[in-house]
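Visitor: this is a predicted model, with the sequence first.
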Amino acid sequence: MQYINHYESPIGGILLAADEIGLTGLWFDGEKYFADGLSPEHEESNLPIFEDVKRWLTIYFSGQEPDFIPPLHVTGSPFQLAVWEILQTIPYGTTMTYGKIANIIAKQRGLSRMSAQAVGGAVGHNEISIIIPCHRVVGTNGSLTGYAGGIDKKVKLLNLENVNMEKLFIPKKGTAL
């Protein structure tokens with residue numbers, strides 16, 4: 001059974017979902033893949049996991065790096081799980097490119113190369129945004145592409161973390177808009 005709860009962040013409402021194992025979803029209201037992994041049979045609840053997640057989010061939105069990760073229950077294909085594991089290694093206040101993630105995956109799998117576009121697909125379908133920091137992934141040329149929550153929120157999250165934005169830009173066309 002999945003349970004839901006809500007959190008009002010400084011940059012918009014967030015839907016939280018969890019089961020008995022951990023957090024299964026964290027989506028900004030109205031985002032591209034809003035509640036994709038949410039079971040049709042779910043109910044509103046005040047589970048202790050939600051208090052942990054809200055505490056984490058409150059610390060995060062105060063401009064500090066939380067010193068704990070609430071229990072997560074991440075599900076996806078082996079490829080998606082590998083990409084999301086790499087996302088969790090991107091330090092607070094820094095970014096990594098889709099290409100770099102593709103290179104890491106290729107090396108892990110003994111391949112000569114991996115598609116950055118395939119990585120982008122996995123990053124875009126991350127169901128636990130912010131905590132699994134997909135907002136820290138940028139294009140090789142510095143383009144702020146591919147954030148399901150919206151480019152405006154991606155910029156706000158990166159600014160909150162004091163990411164150096166000098167070489168980053170919002171594209172005129174593309175998936176981020």
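Guide: Nice, I can see it.
Visitor: what about Lys32, which helix or strand?
Guide: Using DSSP states H and E, Lys32 sits within no helix or strand.
Visitor: which one is the residue of the chain most remote from its centre nearest to, not counting chain neighbours?
Guide: What lies farthest from the middle of the chain is Ser112; by C-alpha atoms, centre = their mean that is 27.1 Å. By the measure of C-beta to C-beta, 6 or more residues apart in numbering, the closest residue to Ser112 outside its immediate chain neighbours is Ala106, 6.8 Å from it. In short, each C-beta sits where N, CA and C put it, glycine included.
Visitor: wasn't that neighbour part of a helix?
Guide: Yes: counting by DSSP: H, G, I helix; E, B strand; the rest coil, Ala106 is part of a helix.
Visitor: where do the helices sit along the protein?
Guide: 48-61, 78-87, 98-109, 116-124, 151-160 (DSSP state H).
Visitor: Leu81 and His73 touch, don't they?
Guide: No: applying C-beta atoms under 8 Å as the test, Leu81 and His73 come out as separate, 11.9 Å apart.
Visitor: give me the more crowded residue out of those two.
Guide: Between Leu81 and His73, His73 has the larger neighbour count (other C-beta atoms under 10 Å), namely 17 against 13.
Visitor: where in this protein is pLDDT low?
Guide: 174-177 (pLDDT under 70).
Visitor: switch to 80 and redo it
Guide: 146, 173-177 (pLDDT under 80).
Visitor: okay, domains of it per the record?
Guide: Using automatic domain parsing, the domain parsing of the chain gives 2-61, 78-160.
Visitor: what sits against the residue nearest the centre of the chain?
Guide: Of all residues in the chain, the one closest to the mean position by C-alpha atoms, centre = their mean is Ser129, 2.7 Å from it. Counting by C-beta atoms under 8 Å, 6 or more residues apart in numbering, Ser129 makes contact with 26-28, 31, 135, 148-149.
Visitor: name the member of those with the most neighbours.
Guide: Neighbour max across those (other C-beta under 10 Å) = His135, 27 neighbours.
Visitor: quick check: that residue vs His42, distance?
Guide: Note on His135: its distance to His42, by C-beta to C-beta, to the nearest Å, is 25 Å.
Visitor: then Lys172?
Guide: Applying C-beta to C-beta to Lys172 and His42 gives a distance of 39 Å.
Visitor: higher neighbour count, those two?
Guide: More crowded of Lys172 and His42, by other C-beta under 10 Å: His42, with 17 against 7.
Visitor: my read is that the more buried one contacts Gln2, right?
Guide: Yes: if you go by C-beta under 8 Å, His42 and Gln2 touch, sitting 4.2 Å apart.
Visitor: I am finished for the moment; much appreciated.
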